[in-house]
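# Have a look at this fold, sequence not included:
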């Protein structure tokens, strides 16, 4: 179904996530070039100069001051990135801090205001690969695995990142090819060394605390852009009857929790009560099923080349929901679709994708609100990682070859359950 129109923008609640991270000196930041923009912000590549004079490549983002609601979403994205970097680690782009540029420090390129700063790890998004005719070959070469394993490896990386986010109580809500980027630490480290500072390739630390040099240098897919993310432990960037989504990748239910549920951020519970409430809502309604559906769409796009265009993906989504009741196998058989990737190993890829795209039991009220009945119906990220399609073909970081190897994505649509005009 088409997303329900928004009546008016309501600023997301910041709740108790208030840590803004490290404040960076405006004098250490240089803007190099634009990487793109969305409805709420603009993204640039730049450099960050350390005290010893060495420079590191970074990604910088600022909000659009003339766009309604941009400041509130930007503030939520800011604190969510601090939290996600601390809790989800290697699965997301490393957030370095923020730059508060005053009028005295502003330049024609570094405008006054707050800028968010991430370590630069590469520019090749999954969307870039999906546009290529040699998608699988190019991905395999850059990820450092064989073509037969690359789809499972990419999906495994995304699921691993989501597992970490979900464990921290975060739902990404905007998993799509434009927000999955190939991080190439070895390549970035070499570029930083050329600039005079080899600090970008942070080691991957194991559960035991030790770092593997091979893992640190290995390319991997990471999630970026937490502007739509919802913190379901505290309520940061979450309002029950409002959803932020991309219609091409969101599930039919469109919301992570029932719209009549509690507003976690505005509640003033006794110490520990909010955590208990959040845990109860998670067990009962499985909000991570929202992100699981998006991964299912990614998997089908990787396995079925004709679905890599926006127009054919839209046709597929409509047919899957309205004609086949979210039964991917029924759609496949009706369309007579074959896929070497998904057909392999007895159709293991189809089996996983079908589970991720499974419909939830949803009851809608006359005002557009939703209620969930029963469990989530889709596998969690941890469960999907154990599926034979991923488990048998996902190449560990330490076994990947070190590869040698920018357009902005449309911003998600802000959706409210009541009728009105669409806000973006």
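Structure's in. What do you need? Since we're looking at a predicted model, the values are computed, not measured.

# other SSEs contacting the lengthiest helix in the chain?
Looking across the chain with DSSP state H, the single longest helix is helix 147-167. Applying 3 or more CB pairs under 8 Å, 6 or more residues apart in numbering; DSSP states H and E, one finds that helix 147-167 contacts helix 70-88, helix 135-143, strand 220-223, helix 289-303, helix 340-356, helix 381-385, helix 388-391. In short, each C-beta sits where N, CA and C put it, glycine included.

# Repeat the analysis, applying 6 Å as the threshold.
If you count contacts as 3 or more CB pairs under 6 Å, 6 or more residues apart in numbering; DSSP states H and E, helix 147-167 packs onto helix 135-143, strand 220-223, helix 289-303, helix 381-385, helix 388-391.

# So, low pLDDT: which residues of the chain?
1-16, 187, 190-192, 194-217, 266-272, 374-376, 403-424 (pLDDT under 70).

# returning to that earlier point: highest mean neighbour count out of the helices and strands packed on helix 147-167?
helix 289-303 (a mean of 25; mean count of other CB atoms under 10 Å).

# Quick one: list the elements packing against it.
helix 147-167, helix 340-356.

# Return the distance of the residue nearest to residue 221 when sequence neighbours are not counted relative to residue 400.
Computed as CB to CB, 6 or more residues apart in numbering, the closest residue to residue 221 that is not its neighbour in sequence is residue 157, at 3.8 Å. Residue 157 sits 10 Å away from residue 400 when distances are taken as CB to CB, to the nearest Å.

# The two: which is more packed in?
residue 157 (25 against 19; other CB atoms under 10 Å).

# Just to check, the more buried one is in contact with residue 219?
No. The criterion here is CB atoms under 6 Å, and residue 157 misses it with residue 219 at 9.5 Å.

# hang on, the earlier thing: now render the helices and strands packed on helix 289-303 as CSV, adding distance to residue 72.
Compiled in CSV, the helices and strands packed on helix 289-303 are given as follows (distance: least, CB to CB, whole Å):
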stretch, distance to residue 72
helix 147-167, 21
helix 340-356, 31
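
# can you map out the strands along the stretch 101-250 of the chain?
Remark: strands assigned in the stretch 101-250 of the chain by DSSP state E, counting those that start in this stretch are 113-119, 170-171, 180-183, 204-205, 211-212, 220-223, 230-231, 242-245.

# now swap in the stretch 301-424 of the chain and tell me
Here the stretch 301-424 of the chain has its strands, by DSSP E, counting those that start in this stretch, at 362-364, 370-372, 413-416.

# circling back to that earlier point, most packed of the helices and strands packed on helix 289-303?
helix 147-167 (a mean of 23).

# I'd like the distance between the nearest residue to residue 364 once chain neighbours are set aside and residue 249.
Distances taken as CB to CB, 6+ apart put residue 370 closest to residue 364, at 5.5 Å, once the chain neighbours are dropped. Going from residue 370 to residue 249 by CB to CB gives 18 Å.

# Between these two, which has more neighbouring residues?
residue 249 (24 against 21).

# Tell me which residues touch the more buried one, please.
Contacts of residue 249 were listed using CB atoms under 6 Å, 6 or more residues apart in numbering, and they are 176, 294, 297.

# How about the contacts made by the second one?
Yep, that's residue 294 we're talking about. 175, 249.

# if you set the cut-off to 8 Å instead, what comes out?
Counting by CB atoms under 8 Å, 6 or more residues apart in numbering, residue 294 makes contact with 172, 174, 175, 176, 249, 250, 251.

# The first one too?
Residue 176 makes contact with 127, 246, 248, 249, 294, 297, 298, 409, according to CB under 8 Å, 6+ apart.

# change it to 6 Å
The contact partners of residue 176, taken as CB under 6 Å, 6+ apart, are 246, 249.

# wait, residue 62 sits on residue 114?
No. Contact criterion CB under 6 Å: residue 62 and residue 114 do not qualify, at 7.2 Å.

# just to revisit the earlier point, so for residue 142, which of the strands of the stretch 101-250 of the chain sits nearest?
strand 180-183 (5.8 Å; CB to CB).

# Quick one: list the elements packing against the closest one.
Strand 180-183 packs on strand 220-223, going by 3+ CB pairs under 6 Å, 6+ apart.

# which outside residues touch the strand it packs on?
92, 93, 154, 157, 158, 161, 180, 181, 182, 183.

# Out of those residues, which comes closest to residue 387?
For the contacts of strand 220-223, the nearest to residue 387 is residue 158 (13.4 Å; CB to CB).

# Would you mind measuring from that closest one to residue 394?
Taken as CB to CB, the span from residue 158 to residue 394 is 11 Å.

# How about residue 31?
38 Å.

# now do residue 250
25 Å.

# Which one of the two is surrounded by more residues?
Neighbours were counted for residue 250 and for residue 394 using other CB under 10 Å; residue 250 has more, 27 against 20.

# returning to that earlier point: nearest to residue 363, of the contacts of residue 249?
Nearest member of the contacts of residue 249 to residue 363, counting by CB to CB, is residue 294, at 22.4 Å.

# how near is that closest one to residue 357?
10 Å.

# in stretch 249-264, what counts as buried?
249-259, 261-262, 264 (16 or more other CB atoms under 10 Å).

# now it, how far from the centre of its chain.
17 Å (CA atoms, centre = their mean, to the nearest Å).

# what do you get for stretch 314-331?
24 Å.

# buried sites along that stretch?
For stretch 314-331, a neighbour-count test (16+ other CB under 10 Å) marks 316, 317, 320, 321, 324, 326, 327, 328, 331 as buried.

# tell me which of those is nearest to residue 348?
Using CB to CB, residue 328 is the member of the buried residues of stretch 314-331 that lies nearest residue 348, at 13.3 Å.

# Appreciated, that's everything.
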